[in-house]
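> Structure of the sequence below:
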Amino acid sequence: MSNGQQLLQPHLKAFGRLIGRWQISGDAFGQTRYEVVSGGHFILQHFEVKHGKRENKGLEVIGRLHGFGAVPSPDIHSRAYCFPDGMTLDYIYEIEGGTLTIWGGNKGSPAYYKGAFSGDNRKLIGSWTYPGGGYSTVSTRVD
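You can find the predicted model right below:
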């Protein structure tokens, strides 16, 4: 079990394999870093990725939705904040076995990422799909 998994609350343990820095290559390139927030209820992702002419730089908070007086959501949600243009994007994260799926907006959305972890969790190979396009990437753990 990685140190990231040990620090995470049970609902996020499967996502512990993301903790660390990753170099992204393929149709998009850049880097991303995932870290556990104190208490283990959230994962923060810091990203800098270029795809075509678009440069995405920002921060994403990943965890359960849990409003005042409400029961925590069963799904793992996130909100990404893109600094260059002020755009915010909502996602739902899922891990089944060695496959990571990130749904744009809601489960079943036509916009999603699907990637497979290597056996040693040092590579994540996948593709973003969305209406009118998509692209493939390879993320390689650098620490």
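> After the helix or strand bottoming out on mean pLDDT in the chain, which helix or strand is next? Please name it.
Within the chain, no helix or strand scores below helix 3-7, which has a mean of 67 by mean pLDDT, DSSP states H and E. Next helix or strand after helix 3-7 toward the C-terminus (DSSP states H and E): strand 20-26.
> Please state the mean pLDDT value computed over stretch 91-107.
For stretch 91-107, the mean pLDDT works out to 97.
> List of residues touching it?
Residues outside stretch 91-107 that contact it (CB atoms under 8 Å, 6 or more residues apart in numbering): 14-15, 18, 60, 62, 75-80, 89-90, 109, 111-117, 119, 124, 126, 130. Placement of C-beta: from N, CA and C, glycine included.
> separation between the most far-flung residue of the chain relative to its centre and H41?
Farthest-out residue of the chain from its mean C-alpha position, per CA atoms, centre = their mean: G69, at 27.2 Å. Using CB to CB, to the nearest Å, we find G69 at a distance of 17 Å from H41.
> Over to L7?
Counting by CB to CB, the gap from L7 to H41 is 10 Å.
> Compare those two (neighbour count), which wins?
Taking other CB atoms under 10 Å, L7 and H41 do not tie; L7 has more neighbours (18 against 15).
> Can you name the residues that contact that one?
The neighbours of L7, taking CB under 8 Å, 6+ apart as the test, are 16, 36, 40.
> can we see that at 7 Å?
Counting by CB atoms under 7 Å, 6 or more residues apart in numbering, L7 touches 36, 40.
> how close does it get to R141?
L7 sits 17 Å away from R141, taking CB to CB as the criterion.
> now swap in L44 and tell me
The value you get for L44 to R141, if CB to CB is used, is 17 Å.
> Which of these two has more residues huddled nearby?
Neighbour count, other CB under 10 Å: between L44 and R141, R141 has more, with 18 against 15.
> What are the buried residues along stretch 131-139?
137-139 (16 or more other CB atoms under 10 Å).
> average pLDDT for that stretch?
97.
> Can I get it in PDB, CA atoms only?
Output in PDB follows, covering the C-alpha atoms of stretch 131-139 (Å, rounded to 0.1, in the frame of the first residue of the first chain):
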ATOM      1  CA  PRO A 131     -18.700  14.900 -28.800                       C
ATOM      2  CA  GLY A 132     -16.700  15.900 -31.900                       C
ATOM      3  CA  GLY A 133     -13.300  14.700 -30.700                       C
ATOM      4  CA  GLY A 134     -10.900  13.200 -28.300                       C
ATOM      5  CA  TYR A 135      -7.300  12.500 -27.600                       C
ATOM      6  CA  SER A 136      -5.000   9.800 -26.100                       C
ATOM      7  CA  THR A 137      -2.300  10.200 -23.400                       C
ATOM      8  CA  VAL A 138       0.200   8.200 -21.500                       C
ATOM      9  CA  SER A 139       0.800   9.400 -17.900                       C
END
